[in-house]
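Asker: structure for the following, please:
(one chain, ligands or ions: 1)
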Amino acid sequence: QRPKNFPPGPPILPILGNILHLSLENPLKDFERLRNTYGNVYSLFLGTRPAVIINGMKAMKEAMVTKGTDFAGRPQDLFVNDATQRKGLILADYGSSWRDHRRFALATLRNFGLGKHSMEERIRTEIQYTVDTLEKSIGNTLNPQVMFHNAASNIICQVLFGTRYEYDDEFIKVIVQCFTENTKITNGPWTVLYDSFPIIHDLPLPFTKVLKNVETCRNLVIGLIKEHKKTRVHGEPRDFVDCYLDELNKRGDDGSSFSEERLIMYALDLHFAGTDTTSNTLLTGFLYLMTYPHIQERCQQEIDEVLEGKDQASFDDRHNMPYMQAVIHEVQRIANTVPLSVPHCTTKDTELMGYSIPRGTLIIPNLTSVLNEEGQWKFPNEFNPENFLNDQGEFVKPETFMPFSAGPRMCLGEGLARMELFLIMVTLLRKFKFIWPEDAGEPDYTPVYGVTLNPKPYRMKIQLRATQ
Ligand code: HEM
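Answerer: Predicted coordinates for the structure are as follows:
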């Protein structure tokens, strides 16, 4: 039975709840279908667990922003909580420990942007490796997946550990493999069943691999922290880990939630959050730019004009590139990289669009429903940069643009991600022409479902641009 004034939803079956209403492989279409029947705020029972699904700009804004703190919790009894040992940041529940660690991450990322090894320089250094990789493929085709993945991973590794890794380095290969395996398993039907039916928690489910992978990654990071402790100079941090160790010294035994143990999962969390997201957005971006060559050319024209006489692009150049800005935002809108955001949870009894939602209810923010909402976009269902341009050709960002979510739990890497997307796309488009190979057939834009969406594997043909 739904509690009184709880959001509506389909009839609930005993034990199973509404689980049969969802495809365990990819529930996005089901969420959309249920929205058409029950409205923007509806509920489903995942087994015996009630969940509220939030759709559309109006309800999303009320929950994430206007009543941000009421909706800022994270559920603590899902499989991913067990897998990350409740020590990370992404899934930390709302409270002082989450707040302190979030503030620390934001401040540290900001400070690195100002120091002499500024974030921009770090990103540019990494882009050079991407350029080298592409140069080796001129005239040929290349699957860019590993290249973009490594670029995003290395940028965040530079920030966290002060180092980048060659593409075939064991450290990065092992971490990437562990994350890829874990994401696949955590997205799979077993996890939905685990999260819906606590009764099966003690069964021998196929999760040992996940826990083993987490242990492998933990050990790698423990090794790095040990090394940092040997070589660091107190008060002269080289990277995020040094900053955290300085903070630990400063806090001493003040009973705060900062600890070396916490740092391990915190660093892994940031690496994970910053890699798949950015690289999958880039993959989607280049898929569309290749298959909409007129849009690619118009970007290149603007880039050539604005960067004429300059060695390299800087993030500030975006202010003179309305078309490029529109294209990047449109790529993010269509890529819909984190389609269901990260699960939230209510921190107290609250209300949403007139419905009552008790404390501790699982909340699924359906960002997809905002990014393609009818009536909010000029062209909700097509790739069209005009969605971000006004009649004067100026760049405008509607408040419906929410790929990073909104409110107190909004992505804390937004600034870094935007800088990466801009510098990488502009630098690569300035130098190369990306072509959909003649023998590749019709492009398939249907994304592969997961915590993050990514395009199906594809190859790109690379040419050096004539103007270079
Ligand atoms: C295109 C790239 C990215 C996209 C689309 C993206 C999207 C998101 C979304 C939708 C959330 C969930 C927000 C919520 O729960 O309401 C999130 C959370 C988060 N993101 Fe990102 N993200 C991106 C890049 C990054 C990067 C580069 C970092 C690394 C610094 C990062 C770090 C985080 C963290 C730590 C959280 C959890 C915040 C919290 O719970 O307080 N993200 N991101």
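
Asker: nearest spatial neighbour of I334, skipping sequence neighbours?
Answerer: Spatial nearest neighbour of I334, chain neighbours left out: F383 (5.1 Å); criterion: Cβ to Cβ, 6 or more residues apart in numbering. Where C-beta positions appear, they are placed from N, C-alpha and C, glycine not excepted.

Asker: can you list contacts of the strand or helix carrying V192?
Answerer: Using DSSP states H and E, V192 maps to helix 189-196. Here helix 189-196 makes contact (Cβ atoms under 8 Å, 6 or more residues apart in numbering) with 17, 19, 22, 24-25, 46-49, 78-80, 185, 200-201, 205-207.

Asker: and the one residue in the chain that gets nearest to the ligand, how many neighbours does it have?
Answerer: Going by Cβ to the nearest ligand atom, the ligand is nearest to G413 of the chain, at 2.1 Å. Number of residues near G413 (other Cβ atoms under 10 Å) recorded here: 19.

Asker: residues of this structure that sit close to the ligand?
Answerer: 89-90, 102, 156, 270, 273-274, 277-278, 281, 337-338, 341-342, 344, 403-405, 409-413, 416-417 (Cβ under 6 Å from any ligand atom).

Asker: among those residues, which are in strands?
Answerer: H344 (DSSP state E).

Asker: going by neighbour count, which of the residues of the chain next to the ligand are buried?
Answerer: 89-90, 156, 270, 273-274, 277-278, 281, 337-338, 341-342, 344, 403-405, 409, 411-413, 416-417 (16 or more other Cβ atoms under 10 Å).

Asker: read off the pLDDT value for the nearest residue to P322 once chain neighbours are set aside.
Answerer: In this structure, P322 finds its nearest non-sequential neighbour in F395, 3.9 Å apart by Cβ to Cβ, 6+ apart. Looking at F395, its pLDDT is 98.

Asker: over to R430?
Answerer: 98.

Asker: give me the buried positions along the helix or strand just after the helix holding V192.
Answerer: Moving toward the C-terminus from helix 189-196, the next helix or strand (DSSP H and E) is helix 208-231. For helix 208-231, burial by neighbour count (16+ other Cβ under 10 Å) applies to 210, 213-214, 217-218, 220-221, 224-225, 228.

Asker: quick one, what contacts the residue nearest the centre of the chain?
Answerer: The centre of the chain sits closest to T277, judged by Cα atoms, centre = their mean, with a distance of 3.6 Å. Contact analysis of T277 by Cβ under 8 Å, 6+ apart lists 152, 337-338, 413, 417, 452.

Asker: tell me which of these fall in helices.
Answerer: Here DSSP state H is the test, and these give 152, 417 as lying in helices.

Asker: which of the contacts of T277 sits closest to N390?
Answerer: Nearest to N390 among those is A417, at 24.5 Å by Cβ to Cβ.

Asker: other residues contacting whichever strand or helix holds D30?
Answerer: Per DSSP H and E: D30 is located in helix 28-38. Contacts to helix 28-38, defined as Cβ under 8 Å, 6+ apart, come from residues 7-10, 21-23, 42, 44, 53, 55-56, 339-340, 364, 366, 368-369, 449.

Asker: what are the buried residues along that helix?
Answerer: Of the residues in helix 28-38, those buried (16+ other Cβ under 10 Å) are 28, 31, 34-35, 38.

Asker: repeat that for stretch 341-357.
Answerer: 341-347, 350, 352, 355, 357.

Asker: take these and write them to a markdown table, including pLDDT.
Answerer: Putting the buried residues of stretch 341-357 into a markdown table (pLDDT from 0 to 100) gives the following:
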| residue | pLDDT |
| --- | --- |
| S341 | 96 |
| V342 | 95 |
| P343 | 95 |
| H344 | 97 |
| C345 | 97 |
| T346 | 98 |
| T347 | 98 |
| T350 | 98 |
| L352 | 98 |
| Y355 | 98 |
| I357 | 98 |
